[in-house]
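Peer 1: What shape does this take:
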Amino acid sequence: MVPFGDYEMPLHYGSIQAEHIAVRENAGLFDVSHMGLLYIEGKEAGAFVQHVTTNDVYKLSAGKTQYSTITNEDGCLLDDILVYCFLSEKQYLLVVNSANTQKIEDWLCRKKKEEGLRAKKYSSVYIQNASEYLDILALQGPDAKEILSSALGIFESRIPSPYHFSRDESLIPSSYPFIELPPIGKKIMISATGYTGERGYELYLPTENTRPVWDELVAAGARPAGLGARDSLRLEMGYCLYGQDIDESISPLEAGLGWIVKEDTEFIGATALAKQRKEGIKKKLFGFIAEGRGIPRSGAEIISVQDSRPLGKITSGGYSPTLKQGIGMGYLNLDQNQHEIGTQVYISMPPRKILARVSAFPFVKTKKGKA
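Peer 2: Residues are numbered from 1 along each chain as shown. Here you go, the predicted structure:
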């Protein structure tokens, strides 16, 4: 067990590498109940969520989900989130990062109050923190649908087809489906989302149902997996981790999340981001693949091969069990003209330097599984 925010969480249940491979080849099961859950309800809920998130919430119908972010007035990231729509324009659920739950709840309440005083808006909006009484299990991998059907006795036709996030906007569905399933004797919501790049599901359920459902999924073939595999899996996909790759000093455009920034919705920070998009960003998140031995680590400086001038910094790094080599993510200053894909750079890890090449995301291709 390791500390993670306000929680003690398993780093692994046996072997990080074995759990990672299980997700890539079969299916792994994560307990991600540490995530924050904030309900937004009321007749003005849709307008309010549109005001505080960067994606276009009005593209969501009931039963749909979208990836989004919350930015401050300067266009910098307060969090990256999921938005679930239960009732169009009236009922939503925001899934936020654990360490940001209180910060985001306070931010939402403050913005609701400010707009109420300024423009007499959002008086009908109700914000509720549901983090304490709902848990989340993430079943991820090519066999996830078959295991879910077998474990819970759900017809496969009732399980939503899973998608995974991609940085290629042409491949990104505008929303991700979810369904609620009361008939199995355990209240549960199944969402076709995840953080591994594999096909899979996130199950939202009351705390009292979590252990029985976990046991049923493991008995059906899912391998328990901990934080270590979760981190290496998301790193192979180039997915950002809040607090490492993104924070309040980074904009979504710099982090490669411009595809979920819809400035025409006039969210908080839209003006600053529209200006940044027009003028151009000065740094951008890239991937790095080590050539030979060596593993990039967070905080390491990226320097030029030619003259050792500083180019940027690594934000996340580790060993890729799929590629069997070191990989990392980090920001490059674009004015140094060393950001073309394939460019060789050094990653400074005193007393040595690791030779690496600039890479696009994702680092690996994933199996699609059964739709």
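
Peer 1: ok, longest helix in the chain?
Peer 2: In the chain, taking DSSP state H as the definition, the longest helix is helix 101-119.

Peer 1: Give me the below-cutoff pLDDT ranges for this protein.
Peer 2: By pLDDT under 70, the weakly predicted segments of the chain are 2, 5, 155-159, 161-186, 367-371.

Peer 1: In three-state terms, label the residue nearest the centre of it for me.
Peer 2: Against the mean C-alpha coordinate of the chain, by C-alpha atoms, centre = their mean, the closest residue is Tyr195 at 5.6 Å. On the three-state scheme (DSSP: H, G, I helix; E, B strand; the rest coil), Tyr195 is labelled coil.

Peer 1: In contact with it, which residues?
Peer 2: In this structure, Tyr195 makes contact with Val32, Ala138, Gln140, Arg230, Leu233, Arg234, Tyr239, judged by C-beta atoms under 8 Å, 6 or more residues apart in numbering. All C-beta spots, glycine's among them, are computed from the backbone N, C-alpha and C.

Peer 1: End to end on stretch 61-79, go ahead and measure it.
Peer 2: In stretch 61-79, first residue to last residue: 23 Å (C-alpha to C-alpha, to the nearest Å).

Peer 1: mind pulling up the phi and psi values for Ile40?
Peer 2: When quoted as degrees, to the nearest 10, the phi and psi of Ile40 stand at phi -120, psi 120.

Peer 1: How about the contacts made by it?
Peer 2: Contact partners of Ile40, counting by C-beta under 8 Å, 6+ apart, are Phe48, Val49, Gln91, Tyr92, Leu93, Leu94, Leu108, Val125, Tyr126, Ile127.

Peer 1: among the contacts of Tyr195, which ones are buried?
Peer 2: Neighbour counting by 16 or more other C-beta atoms under 10 Å classes Val32, Ala138, Gln140, Arg230, Leu233, Arg234, Tyr239 among the contacts of Tyr195 as buried.

Peer 1: Which ones among those residues lie within strands?
Peer 2: Ala138, Gln140 (DSSP state E).

Peer 1: Mark which of the buried ones among the contacts of Tyr195 are part of helices, please.
Peer 2: Arg230, Leu233, Arg234.

Peer 1: With respect to Asn72, which of those is nearest?
Peer 2: Distance to Asn72 across those (C-beta to C-beta) is lowest for Arg234, with 24.5 Å.

Peer 1: Could you find the closest non-adjacent residue to the closest one?
Peer 2: Excluding the flanking residues, the one nearest Arg234 by C-beta to C-beta, 6 or more residues apart in numbering is Tyr195, at 5.2 Å.

Peer 1: could you pull out the helices for the stretch 51-200 of the chain?
Peer 2: Along the stretch 51-200 of the chain, the stretches classed as helices by DSSP state H, counting those that start in this stretch are 101-119, 144-152.

Peer 1: and Ala18, which of those is closest to it?
Peer 2: Nearest to Ala18 among the helices of the stretch 51-200 of the chain is helix 144-152 (17.3 Å), distances taken as C-beta to C-beta.

Peer 1: Can you show me the CA trace of that closest one as PDB?
Peer 2: Coordinates of each C-alpha in helix 144-152 appear next as PDB, following Å, rounded to 0.1, in the frame of the first residue of the first chain:
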ATOM      1  CA  ALA A 144     -13.700  -6.700 -20.500                       C
ATOM      2  CA  LYS A 145     -17.000  -7.000 -22.200                       C
ATOM      3  CA  GLU A 146     -17.100 -10.800 -22.000                       C
ATOM      4  CA  ILE A 147     -16.000 -10.800 -18.300                       C
ATOM      5  CA  LEU A 148     -18.600  -8.100 -17.400                       C
ATOM      6  CA  SER A 149     -21.400 -10.100 -19.100                       C
ATOM      7  CA  SER A 150     -20.400 -13.400 -17.400                       C
ATOM      8  CA  ALA A 151     -19.900 -11.900 -14.000                       C
ATOM      9  CA  LEU A 152     -23.000  -9.800 -13.700                       C
END
